[in-house]
Every structure is written in C-alpha cells, then in structure tokens.
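> Show me how the following folds:
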Amino acid sequence: MNRIVAASLGQSFLVILLTLILTGSGLHSLKRLPVDAYPDLSPPIVEIVTQWPGHAAEEVERLITVPVELGMNGIPKTATTRSISLYGLSDVIITFNNGTDDNFARQEVFNRLGDLTLPDGVTPSVSPLSAPSGLIYRYVLQSTDRSPMDLKTLEAWTIEPQYKSVPGVADDSGFGGGTMQYQVLLDQAKLAAVGLSAPQVEASLTANNANAGGGFYSQGGQFYYVRGMGRMETLEDIGNVVVAVHDGTPVLVKDVGRVTIGIAPRLGEFGYEKQDDAVEGVILLRTGEKTQDVLKRVEAKTKELNDQVLPKDVKVVPFYDRSDLIALTTKIVEGNLLRGMLLVVVILVFFLYDFRAGMIVAVTIPLALLFAFICLDLQNASANLLSIGAVDFGILVDGAVVMVENIFRQIAERKGTPLNVKAIIRDAAAEVDRPLFYAVAVIVVSFLPIYVLSGASGTLFKPMADTMIFALVGSLIVTLTLLPVLCAWFMRKGVTERRNRIFEAIKSVYIKGLDICLKHPWATTLASTVVLAASLLLIPRIGAEFMPQLDEGALWVRATMPYTISFDESAKITPKIRDILRSFPEVTTVASELGRPDDGTDSTGFFNVEFYVGLKPYSEWTGKYRTKAALTEAINQKLQAFPGIMFNYTQPAEDAVDEAETGLKSALAVKVFGPDLNTLQEKGKSIKQVLEQVRGIRDVTLVQELGQPSLTIKINRGAIARYGVNVADINALIQTAIGGDVATEVVQQEKQFDLVVRLEQQYRDNPEEIGNILVATPGGQQIPLKEFADIQVTNGASFIYRENNSRYIGVQFSVEGRDLAGAVGDAIAQVNKKVELPQGYRLDWGGEYSDYTASRAQLNVILPLTLALIFLLLFTLYSNFKFPFITVLGVLLSAPVGGIVALWITNTPFSVSSGVGFLALFGVSVQTAVVYISYVNELRRAGVDVTDAIRQGAILRLRPIMMTALVAALGLLPAALATGVGTDTQRPFALVIVSGLFTRLLISIFLMPALYALVARSGDRLEV
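Model prediction:
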C-alpha cells in the first residue's frame, strides 16, 4: 500500500490528471445512468390468455385450462404454474425461477403451444413481455362530442399501434368504451315465416363476404390484375345479402332482421372523474428496458399524437406517469444525500479543527460516487431509490478520515522543525494504509452475502450492494492516491493542531472511564454482555415482516362486490364510490376499472372494481389528514355506506406484484388445495371464521368459487332424434341466436370489425323466451327449443383457481396493528387447531408470509456467514486467532444493541431491510477495532509496554475512532429520519446502522481495550 502512496506523491500531476478524467467520466455516466423509483421485484412470468366466449368456468377449466397446464408441465426452470378459469376466459400464469432469461421462458412456452389440443376456433395468446410492475403510463381519451365507442375505435386502430411502435413499450392495452360491431339482430317471427334459422343466416353472411383473385392478363402492352370484389362494406351491403329464395323471390337479411352498428357485450367499463364511460390506455414497459428512457419516448409520442395524428377534438390526457414518482423519489434522495454530506463535513471540521483537512477528506465523497457511477454504467445497470439513497457517505470517508487525521497529527507534531512534508506523509500513511485496506475489505465482505439473497429481497438489495462496493473501492483508491497529494500541497507549510476544548473535555472523561475499565477488564466485558442480553430480550416485542411497504404516493382501492352481481348493477354503484373518493381534497385524480378489458388480460368479473386514486405530494396536505394511513382510514369510514362490499387498499404497482405473487387479489392468503369445489368452499368458510377472530387479521375475504347462477339447456337426445335434429344443430342455435356469433368481418381500410348475428333482445331476455326460440328441423318444421331440451336455472362455479395442477380456494386477508410474523403465526396455530382437513387436502400460507419465511431462513445462514468471512479476513491481517476473536466479539457485544433498541423504540418490525442493515453494521463496526488493534500492535513493536500501549493506543486513537463512527452514523441519519414517498424501505436499513454505530462507539471505546488486555501476551505476533 505504501508504494502506491509513494508513487502518487512522486507523480502528483498524473494523479490530478487521472482525477479529472475520473470526474469527467463519472459525470458522463451519471447523465447516462437511468434512475427508477424501485427495482422490479417480480420473477420472470409468462401468461397464457385464452378466450372462449359464452362458456362456463367448468367447461373452460376442463377443455382449455387443464390441457394448457398439462402441455406446459416440465418446462425447465419453472417455479409455479397458476391458473384461473372463469366465464369465457382461461388465464394460465407460469412463474419461473429468479434469474431465468425472459426470452428463454417465452420461447419454451411458444414451442409447446402448437402441440395443444383445444376446441375449434380457440387460440391461446401469450401476454406481452412485461413484468407485473411494468405499468408506467396511463392516459384517458378526452373529446367534446365523440361517443365512447368512437373513442374506443380510435384507441384500438390509431393510438395503440402508435404507442406499440415506441421502442421499449411492450403493450398498450385499452380499457373502456364499447367495442364497435356490425350486428344483424334477427326477428324470430320473420325467420319462422320464411322457415329459416339463425345459423342459416350466419352461414349466408359468411359466404357473401370475400374478394377473389383472378390472376392477370395482358392487353395493349399493359399488365392487368383480375380481382373479384365481394366484400361487404356498408350496412346496406349487409342487409342485401340473400339468405334464401322462396318461389323465385330472394329473401334478404334485412327482410328477417335489423342491421345496425352496436357494441359488443360489455366485459368491463372504465370511469374517469365524472365520466362514467370513458376510454383508458395502459402502457406497459418491456422487461429489461430503462423506465426513464422509455417514458421520454412515450411522452414524445403523446405530443405527436395530440399535435399531428388525432382529430383536433380528441386529446390523449395522461393521468399516471411513472416519471412523476421517479422525480419525487429522486428529490427525496437528493435531499437526504445533501444533508448527509453536510453533516459529514461538519463533523470532520469539528474534530480536525482545520477547514483544509475537512475539505480534503470530503473530496472523497463525490469522487467515490462518480467511480461507482462509472462501474454501474459499464454494467448497463440502473440506479434506484435504495441503491443510491442508502449510500452512507460516512462509511465512504472512514478510511480517508483515518489517513488524513494521522497525516495532520504528525505534521502538527513536527511544527517548528525542518519539514519534509512528503516524507512525513509517507511515514504517516505507512502506519495506517494496511489496516485501512483490510478495514475496507471487511466492509466489502459484509456486503457480499447480500448476493446470496434470492427472490424479491435479493432483487431489491443487490443494486445497493453493487453501489456500495464500487463506491468503497473508489474511496480506497482516492484515499491512497489523491489525498496524500492534496495533503502535500495544502499542508506543505505545516499545520497547527488547535485546541478543541469540547473534544478535550470528552477525552478527559474518557480517560477516567478507560482507567477504570482497564483495572476491571472482566467486569467491563460482563457489563457489555449484560447490556446485549437486555437488548435481546426486546426482540420478541419487535415483531417481524418481510419488507416495509414501498410508498408510491398513490392509492389503489379494490371494491369486491357480491360475485353474482350484474354489469348493470355494478355500473350503478361504481360512480358513487368514485364520487366519495373524489371528495377528499388530498386526492387529485380518480379512475375506476370495472370488470376486465376485452383482451382478457385481467382475469376478473363484474364483481371486481379497482380505483386508481392519485394523491397530492404529502408536503401539500394542509387539511385534517396529514398521513396516508389517516386518509385511508377516513376513506374506509365513508365507504362503509356500501354494505356487502369489501374494500381493500394497496398501491398501483404493489397490487400488480401482489397478484403475481399469490395468484389472488391480495398480498396475503391461505390456500386450501383439493379436488372437490364444495369441500374446498366448506373448509374455506371455516378458515375464514377462524381468521376473523385472530388479533391483527383484517379484511378477511373468502374467494367464493361456487354460487354462480346459470341457465342450463340440457338437450334431450330422444326428442331431437324424432325430428332428425343433431346436437350440433341445437348448440349452433344456442351459440348464434342467444350468445351471438361472429359470422365474418367487415373491413374498412385498416380497420376490421366483427359482424355478429343474434336474435333481438326480447327473444333471449329470460328463460321463457329462450325456451320459445324456434328450431328449424330437416322436415321444415319450426319447433320451440323447450321441446328439445330441459331448461332450468342451476348454480355453478364463478371461477376456479388452480396451482401446480391442483384446484384450490383462497382466503385473503391483511394485517393491521400487528407485525406480520406474529399475526400469521397466531393464525396458523389457530387454523391448525380448529380446522380439520380431509385426506387429499392441504393448506399453504402464501404471499408475503412465504417471502418472509424464505428470507428469514436465508438471513439465518447469511449472518453467521458474514461473521465467518470477517473473521477469516482478520486472520489474514493479524496471522493469529486472538485479535480476530476479540474484534468479532467486541462487534457482537456492542453493535447490535443500538439497532435492536431503535427498532423497538420506533415500533419498526424486523425485516429484510433491517437484516441487511445489520450486515452492513457489522462490517463498518470492525473498522474501528482494526484501527485500534493495529495501532496498539505498532506501539508494542516499537518497544512500548503492553499496558501502556493499550492505554496510549486508546487515547491517541480516540479522535479517529470517534470521527469514523460519527461520520458513518450521521451520513445516514437523514435517511433514518426521512418520511414520505420512497423512504420506507431504506429507513429500517439506515436506522439500524445509525443507532448501532452510536452504541458501538459508546461501548467499544471501553470494551476493546479491556478485551485486548484480557488476551494480550508478551509473545504475541504483532501485525499491523
């Protein structure tokens, strides 16, 4: 190490030049470095969506979902396969192991889709390459006079293709408005009069809508195509299609029905502010793309659409833009960083009592960060709130503090004598450079186990570990190269160590306490052990959770209505809820999504309504509610005016990730697996009753899978045989006349619209009318449908959930007023005691709780592994066991105390964030011990008596030890105290480090000398 210092002093111009290059490159990388609010926490997912309109959940499961699941079994790296089957839709979601290449996963799925055997006309589709949290932009179409159907047509055929062409956009999914159709609504009386049926009309329309290619011919030196033009283009064309000829007179479509333009049966509705039926667009980020870069392109496309593409009376109005969240979190991070940097500089100047020395040390901070930015840029990585916001400037300058303090002290001691500043700097650096290198190495080692974390916790904290390790390496390089050069320049005329009365008072008190501790080293160690034991008794009162909530600065409110509610009834209630949400002054925008979009990408029904609630920045809340929790509680109180409706409160991205994590509409759920739906529902009800009695468990909802009323038409084979009618004829009539069947498509330039045939509304409005629908027999008779079938109302499944090829029912819940681990642990014990499951049935407690148990198991391995790695590294430094042992022991007896007490005082549950904070705390705490032990060893090597060396080392190293501990603690203090959007995840991490370093400082300055005195012997191997 000393050779590096000597070379830097000899080539000062080169060092400055390289520093300027580092600065320029770092600033360039900073400009290029994409910044996201939060990293994507979801694993690779491939979603297979299959629509089969008109079919019940049981049929969808049996004929689509199960074949798709079986076809996808055995795909490499698959973690979980989940599915939901509901009316007209199958949604199969395959989750892959973390780290699986997304393109590999999708290709494996595509390879197997072609081998599936599904009903005729059914084609599965794979959802776009986007993560559950990839929703980055929402907009609504606004017009002064156009209908929702017109806007939906613009969205589908003009706007969506434009946004999908933007690099980095995975999809633009429209929601709301009516999907335009050409419709032939048949009059049953007129059909009967001419002896026709709805399927026959459909067949005629299909046969009368095509163009033909007739090759080419040449004439007069010209080349001519031959084209047959037979496509229908207008309502008149459709009405004039011949469906039969009676006595030489053609029967046209318009003779048996009404030809009109209408909308497809509604699967959902989008509401915006006061508009009950509006049109929304949802833009998804392609996995692997940088959010900021794509958002800039999307915003540019929005401007182009509004200025050049769309009609003047139509505008794209964004109401959710992820860049707003990024800007807000970036502002918070910048504020924390500036305050932390200022505190670090103040501490440095206070202790050194010299502005030059303080600023020389402070230079390390920006240069270390710029070095980290260069490394991140070379990795093609992105920064986020945690990876940058959790950087501790104090840790970065710890090595610089020790180096500059030692140089400053030695130059000051030689004041009044001939100065060879470079020689003094080399000697001073030689005393500390080796322990500094190992101290930084120990801190780096303490971050390495983070890379062992898997799942969401690994995804969240690995970028932070990258940034900290790169910055620490940069700070070490700067400390060994630039700082000695700057000291040589700015201290070449000598320095004066001015009297610091405050520090002298602290030092005087410390010496008295030190002498007592050195007289009673065993008592000192025992007292430290008692303090640690007392803090450990607080752990059961702290509680535990997987991860603090990532505040997005918005609300996502889910209303769960009775599962059998109709679209019309749900559409009446939704605007009333939206009005209540809009009544709060803290709310900026309210949008609602009832049901599901036409593409089936959100597998739900009319019972489910989700509300996006945009909020003002918390700094602008001046009313009676000052926190998000208080506002949520007030909203919930007002919404109790809707009895029978369950409300759940999350956030936009969090909701999508939770659903991907559990397969349900909740972050926490217990699943009952088994084959029979009735048994599953019975056991689900029993579990729900138990959970409702558990303290801290709230919003308990059983996913009712049964109870969906349906009209079943059971064909009587004997009756149809008497008239020569086939089952296929009856089914075709049901599908076409009642459900409406797509006969063909009407093409208008680039647009294509379905042409649907069905009976007029009055002929299919109730069981009686459906029973009177006439069936045309081969003999020319018209027989009512009820003569061929038994028609009755029965109950069936609303939807059927499956996971890993087994049915299950879910009981969703949330935890409030209690820690996650305690509440769910109590719930598990109560359910196991009170609910008995039959053979072949089992329970699974999923979602956040499974993440918590997995991360706890990982931390149980990682924490001891970290201490073992630190011990091995210290062994290479000291070449014996005793000094590494007392170092690790001293850290264990002092550092955890503050972290545990701080979690208890602030009522912060232990989480992965605080666990990672303890990892970092152990690494940083080792540094002060290394500085002390190395200096004592150096004194002993110089011939100082053991007792005097222990005492003298403790007194002389008090200042650098206090400085390193305080700057490390105060550098993260703003992050530990910060509130608002984006601070929740980093706060437990920072809180543990800040409070732990304070107790580490207070205890270790007395404990380490006592421990050294207990193990020191005259024949010790003394490495420094």
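
> where do the strands sit along the stretch 201-350 of the chain?
212-219, 222-228, 242-246, 249-252, 257-263, 268-272, 275-285, 314-321 (DSSP state E, counting those that start in this stretch).

> Count the neighbours of residue 715 for me.
Counted with other CB atoms under 10 Å, the burial measure for residue 715 works out to 18 neighbours. Heads up, the C-betas are built off the backbone N, CA and C, glycines and all.

> Quick check: next helix or strand after the helix or strand of the chain with the lowest mean pLDDT?
The helix or strand of the chain with the lowest confidence, counting by mean pLDDT, DSSP states H and E, is helix 385-389 at a mean of 67. Next in sequence after helix 385-389, counting helices and strands by DSSP states H and E, comes helix 393-413.

> where's that next one relative to the chain centroid, distance-wise?
41 Å (CA atoms, centre = their mean, to the nearest Å).

> Show me what counts as buried in that helix.
In terms of neighbour count (16 or more other CB atoms under 10 Å), helix 393-413 has its buried residues at 393-412.

> for stretch 1010-1022, same thing?
For stretch 1010-1022, burial by neighbour count (16+ other CB under 10 Å) applies to 1010-1013, 1016, 1022.

> quick one: which of these sit in strands?
Restricting the buried residues of stretch 1010-1022 to those inside strands, with DSSP state E as the criterion, leaves an empty set.

> And the residues you listed, which is closest to residue 567?
Minimum separation from residue 567 among the buried residues of stretch 1010-1022 (CB to CB) is found for residue 1011, which lies at 73.3 Å.

> excluding its backbone neighbours, what's nearest that closest one?
In space, not counting the residues next to it along the chain, residue 1011 is nearest to residue 886; the distance is 4.1 Å by CB to CB, 6 or more residues apart in numbering.

> residues in contact with residue 710?
The contact partners of residue 710, by CB atoms under 8 Å, 6 or more residues apart in numbering, come to 56, 793-796.

> Is it correct that it falls within a strand?
Yes - Residue 710 forms part of a strand when assessed by DSSP: H, G, I helix; E, B strand; the rest coil.

> and the gap between it and residue 607?
Distance of residue 710 to residue 607, given as CB to CB, to the nearest Å: 15 Å.

> Then residue 872?
When distances are taken as CB to CB, residue 872 and residue 607 turn out to be 59 Å apart.

> between those two, which one's more packed in?
Neighbours per residue, other CB under 10 Å: of residue 872 and residue 607, the larger number sits with residue 607, 20 against 11.

> doesn't residue 562 make contact with that one?
Yes - counting by CB atoms under 8 Å, a contact exists between residue 607 and residue 562, whose distance comes to 6.3 Å.

> Now name the helix or strand holding the nearest residue to residue 301 once chain neighbours are set aside.
Across the structure, with CB to CB, 6+ apart as the measure, the residue nearest residue 301 apart from its sequence neighbours is residue 166 (5.3 Å). For residue 166, there is no helix or strand it lies in under DSSP H and E.

> Next, count neighbours for residue 166.
Using other CB under 10 Å, residue 166 has 19 other residues around it.

> again, but for residue 231
Residue 231 is flanked by 15 other residues according to other CB under 10 Å.

> for residue 498, same thing?
Other residues within reach of residue 498 by the criterion other CB under 10 Å amount to 9.

> repeat for residue 581
For residue 581, the neighbour count with other CB under 10 Å is 20.

> ok, now how distant is it from residue 642?
12 Å.

> do residue 732 as well
Summarising the geometry, the distance separating residue 732 from residue 642, computed by CB to CB, is 42 Å.

> now residue 917
Computed with CB to CB, the distance linking residue 917 and residue 642 is 42 Å.

> more neighbours, these two?
Counting neighbours by other CB under 10 Å for residue 917 and for residue 642 shows that residue 917 has the greater number, 29 against 15.

> Tell me where the stretch 601-750 of the chain has helices.
In the stretch 601-750 of the chain, helices defined by DSSP state H, counting those that start in this stretch lie at 628-639, 652-662, 677-691, 717-722, 727-733, listed in chain order.

> Does residue 466 belong to a helix, a strand or coil?
What three-state DSSP gives for residue 466 is helix.

> give me every residue that touches it.
Residue 466 makes contact with 375-376, 379, 381, 387, according to CB under 8 Å, 6+ apart.

> if we can go back for a sec, and the buried ones among the contacts of residue 710, selectable in PyMOL?
Here is the PyMOL command that picks out the buried ones among those, judged by 16+ other CB under 10 Å:
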select buried, resi 56+796
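
> So of the contacts of residue 710, which two are at opposite extremes in space?
Across the contacts of residue 710, no pair lies farther apart than 56 and 793, at 13.1 Å, counting by CB to CB.

> Burial check on residue 426, number of neighbours?
For residue 426, the number of neighbouring residues by other CB under 10 Å comes to 19.

> I'd assumed residue 6 was in contact with it.
Yes - with the criterion set as CB under 8 Å, residue 426 and residue 6 qualify as a contacting pair; they are 5.6 Å apart.

> quick one: low-confidence parts of the stretch 1-150 of the chain?
Under the criterion of pLDDT under 70, the regions of the stretch 1-150 of the chain flagged as low confidence span 1-2, 37-39.
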